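Enquirer: turn this into a model:
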Amino acid sequence: MCSSVALRARMGHFQNGVNIRDFGAKGDGITLDTESINKAIDAAAATGGGTVYFPAGTYAAYSIHLKSNISLYLDQGATILAAEPLSDGNGYDAAEPNEHDKFQDFGHSHWHNSLIWGVGLVNVSILGPGTIYGKGLTKNVARPGQGNKAIALKLCRNVILRDFTILYGGHFGILATGVDNFTIDNLKIDTNRDGIDIDCCRNVRVSNCTVNSPWDDGICLKSSYALGFARATENVTIANCQVSGFDHGTFINGTYQKNESGMVPDKQGPTGRIKFGTEANGGFRNITINNCLFEYCRGLALETVDGGVLEDVVISNIVMKDLTNSPIFLRLGARMRGPEGTAPGKLRRVSINNLVAYNADSHFSSIIAGLTGNDIEDIKLSNIRIYYRPIDSPLVKIQSVVPEYSKDYPEPQRFGVMPSYGFFIRHARNIEMNNVEVSYMGKETRPAIMLEDVKGLILNNFKAQSPAGTPVIIQRGSRDITIFPVGSIPKNKVQKEPTPATVPDPVPRRGQS
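Expert: Numbers count the residues shown, from 1 in each chain. Here you go, the predicted structure:
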């Protein structure tokens with residue numbers, strides 16, 4: 001059943017609305033319709049706002065300029081096509097100057113070099129079942145005339161993105177920086193870098209979205225310094241979403257192929273996940289994630305490495321399948337990409353409940369890793385079941401001592417193959433696991449849990465497969481470990497070892513953002 005807006009649009013009689021074809025748009029996929037689209041937006045804005053209607057057709061364009069009180073409505077069969085830039089450097093709007101761009105990667109620091117962009121707007125919507133096809137966008141740093149984002153919004157308020165598809169969104173399908181009261185609903189995104197980046201935003205609702213992004217993150221919360229000050233991303237709900245890392249375009253065409261794994265830029269397997277970070281100057285707080293599915297991608301990552309505080313997060317009802325690294329990755333680091341004098345942040349008060357992961361990569365286990373003298377705190381894991389696939393080569397080197405990598409880009413693979421298959425926990429306090437079970441689906445020689453510098457761990461009804469002659473738990477320099485029921489893990493299956501000698505951090509390596 002069509003919405004009233006769509007019906008009025010198709011009939012040509014909608015109030016305070018304009019049809020881009022009335023302003024000369026051809027929709028033939030060849031003619032540049034940029035001027036016609038922007039004229040239609042200007043005309044609607046001049047009368048106080050309304051709907052700018054895209055009927056069926058393919059509208060090639062460079063930068064489209066959003067205005068306040070405007071809705072773009074993409075009807076079924078309508079496509080906004082990102083045109084190829086011209087060889088003389090003409091094309092998309094130039095990236096605007098940003099004196100703070102040294103604190104985050106280029107793509108996070110500029111908005112004008114995009115297919116659709118708006119700055120300082122209120123009451124903006126992009127709606128309808130049509131498509132935004134970023135064919136002419138680059139997925140890297142944009143040179144003059146190039147665009148590298150499908151949709152970019154900065155310091156806007158009351159924004160709705162609903163029902164459309166993004167195919168190949170460039171470096172970012174959606175980059176929203178400093179956007180308040182923001183709704184993203186029922187989008188399908190199949191893209192070549194990040195799907196949705198929510199940066200320094202407040203009061204955000206993401207629901208019913210599917211994001212396939214094999215070469216970068218699917219739904220990513222950030223809190224960069226791009227606005228020139230630290231601003232938290234807070235009061236966010238993510239619900240009923242799916243993320244994956246199938247080959248580009250094969251989610252939309254329904255073939256779900258897995259042939260591009262080795263082509264991922266950091267060479268560490270399909271990405272596709274839900275992540276907090278890496279840009280994290282302002283921190284993250286008051287966030288819920290529930291009823292989400294991860295398939296053929298990396299696991300859940302909560303990272304703060306640039307001084308921000310990550311706190312008060314509840315995650316529940318998560319299903320994961322065919323993971324390419326850690327199912328759960330909580331990382332407090334000290335990369336400290338921010339203004340001089342920025343201090344390390346905090347990671348605390350996180351609850352993860354009702355999670356099932358099948359065929360997870362056991363190379364990296366699940367990792368909870370803080371800093372020496374700056375613990376991750378108050379983490380509760382409940383009703384979790386993880387099935388790890390075996391290491392696929394007998395030549396893989398298992399690390400007995402894991403370097404800190406405190407200043408490195410935060411990614412599970414950076415730690416190397418972990419000394420435990422289930423959980424590796426270091427520099428943490430007040431950790432609680434209730435009804436958590438880990439197992440392996442082949443040969444395994446490592447313990448289920450490795451603890452280093454952990455102060456306070458409660459295991460309540462913890463279950464783990466244990467290789468013959470191998471302890472379930474190895475603790476190094478840890479204290480106050482409580483296991484219920486008493487005897488559920490035999491004493492000979494809990495091994496204490498001395499704290500290992502500190503391994504110097506390697507030279508930091510750069511990675512994805």
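
Enquirer: give me the phi and psi for the residue with the shortest distance to the centre of the chain.
Expert: Note on the chain: the residue nearest the mean C-alpha position is Cys220, at 2.4 Å, using CA atoms, centre = their mean. The phi/psi pair for Cys220 (degrees, to the nearest 10) reads phi -130, psi 120.

Enquirer: and Gln465, what does it touch?
Expert: Gln465 makes contacts with 438-440, 444, 448, as judged by CB atoms under 8 Å, 6 or more residues apart in numbering. To be clear about C-beta, it is placed using only N, CA and C from the backbone, and glycine gets the same treatment.

Enquirer: and Gly442, by the same measure?
Expert: Taking CB under 8 Å, 6+ apart, we find Gly442 in contact with 389-390.

Enquirer: switch to 10 Å and redo it
Expert: Gly442 sits next to 362, 388-392 when contact means CB atoms under 10 Å, 6 or more residues apart in numbering.

Enquirer: max pairwise distance over the residues you listed: which two?
Expert: Within the contacts of Gly442, two members stand farthest from each other by CB to CB: Tyr388 and Asp392, at 11.9 Å.

Enquirer: which residues do the two both contact?
Expert: Common neighbours of Tyr388 and Asp392 (CB under 10 Å, 6+ apart) are 361-363, 442.

Enquirer: quick check, nearest of these to Thr47?
Expert: Distances from Thr47 to the shared contacts of Tyr388 and Asp392, taken by CB to CB, are shortest for Asp361, at 55.8 Å.

Enquirer: list the beta-bridge partners for that closest one.
Expert: Beta bridges link Asp361 to Arg389 when assigned by DSSP bridges.

Enquirer: that one against Thr324, yeah?
Expert: Yes: between Asp361 and Thr324 there is a contact under CB atoms under 10 Å: 5.8 Å.

Enquirer: the more surrounded of those two?
Expert: The residue with more neighbours, out of Asp361 and Thr324, is Thr324; 25 against 22, by other CB atoms under 10 Å.

Enquirer: would TSV of the contacts of Gln465 with neighbour count, secondary structure and distance to Glu404 be doable?
Expert: Supplementary listing: these in TSV, determined by neighbours: other CB atoms under 10 Å; DSSP: H, G, I helix; E, B strand; the rest coil; distance: CB to CB, whole Å:
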residue	neighbour count	secondary structure	distance to Glu404
Val438	26	strand	24
Ser439	16	strand	29
Tyr440	23	strand	27
Glu444	19	coil	26
Ala448	29	coil	22
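
Enquirer: just flag the most distant two among these.
Expert: Checking these with CB to CB, the most distant pair is Val438 and Glu444, at 10.3 Å.

Enquirer: what do the two both touch?
Expert: Common neighbours of Val438 and Glu444 (CB under 10 Å, 6+ apart) are 362, 388, 421-422, 465.

Enquirer: ok, back up a step: and which of the shared contacts of Tyr388 and Asp392 is nearest Glu35?
Expert: Proximity of these to Glu35 (CB to CB) peaks at Asp361, which lies at 50.0 Å.

Enquirer: contacting residues around the closest one?
Expert: By CB under 10 Å, 6+ apart, the neighbours of Asp361 are 269, 298-299, 322-327, 388-389, 391-392, 412-413.

Enquirer: now the buried members of these.
Expert: Buried subset of the contacts of Asp361 (neighbour count, 16 or more other CB atoms under 10 Å): 269, 298-299, 322-327, 388-389, 391, 412-413.

Enquirer: which of these fall in helices?
Expert: Applying DSSP state H to the buried ones among the contacts of Asp361, no entry is found in helices.

Enquirer: okay if I get the residues you listed as TSV plus pLDDT and distance to Tyr92?
Expert: Compiled in TSV, the buried ones among the contacts of Asp361 are given as follows (pLDDT from 0 to 100; distance: CB to CB, whole Å):
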residue	pLDDT	distance to Tyr92
Gly269	91	32
Arg298	97	31
Gly299	98	35
Asp322	97	37
Leu323	97	36
Thr324	94	33
Asn325	95	34
Ser326	97	37
Pro327	98	39
Tyr388	97	45
Arg389	95	44
Ile391	87	46
Pro412	93	35
Gln413	91	34
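
Enquirer: tabulate the residues you listed (a markdown table), appending distance to Arg21.
Expert: Converted to a markdown table, those look like this (distance: CB to CB, whole Å):
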| residue | distance to Arg21 |
| --- | --- |
| Gly269 | 45 |
| Arg298 | 43 |
| Gly299 | 46 |
| Asp322 | 45 |
| Leu323 | 47 |
| Thr324 | 45 |
| Asn325 | 48 |
| Ser326 | 50 |
| Pro327 | 50 |
| Tyr388 | 56 |
| Arg389 | 54 |
| Ile391 | 59 |
| Pro412 | 50 |
| Gln413 | 50 |
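
Enquirer: nearest to Ser382 among these?
Expert: So of these, ranked by how close each gets to Ser382 (CB to CB), first place is Pro327, at 14.6 Å.

Enquirer: what strands line up against the helix or strand encompassing Ile189, and which way round?
Expert: Take DSSP states H and E as the rule and Ile189 turns out to sit in strand 188-190. Take DSSP bridges as the rule and strand 188-190 pairs in its sheet with strand 165-167 (parallel), strand 210-212 (parallel).

Enquirer: what is the subsequent helix or strand relative to that strand?
Expert: Following strand 188-190 toward the C-terminus (DSSP H and E): strand 194-199.

Enquirer: partner strands of that next one, with direction?
Expert: Sheet pairing for strand 194-199, assigned by DSSP bridges, gives strand 172-177 (parallel), strand 219-223 (parallel).

Enquirer: give the bridge partners for Thr58, please.
Expert: Asp28, Thr79.

Enquirer: roughly how far is the strand holding Ile189 from the heart of the chain?
Expert: Offset of strand 188-190 from its chain centre (CA atoms, centre = their mean, to the nearest Å): 14 Å.

Enquirer: stretch 342-354 too?
Expert: How far stretch 342-354 lies from its chain's middle: 16 Å, per CA atoms, centre = their mean.

Enquirer: tell me the buried residues in stretch 289-304?
Expert: By 16+ other CB under 10 Å, the buried positions in stretch 289-304 come out as 289-292, 294-304.

Enquirer: again, but for stretch 375-394
Expert: 375-384, 386-389, 391.

Enquirer: now do stretch 421-439
Expert: For stretch 421-439, burial by neighbour count (16+ other CB under 10 Å) applies to 421-434, 436-439.

Enquirer: for stretch 272-291, same thing?
Expert: In stretch 272-291, the ones that count as buried by 16+ other CB under 10 Å are 272-287, 289-291.

Enquirer: next one: stretch 142-158
Expert: Within stretch 142-158, the residues that count as buried by 16+ other CB under 10 Å are 142, 145-154, 156-158.
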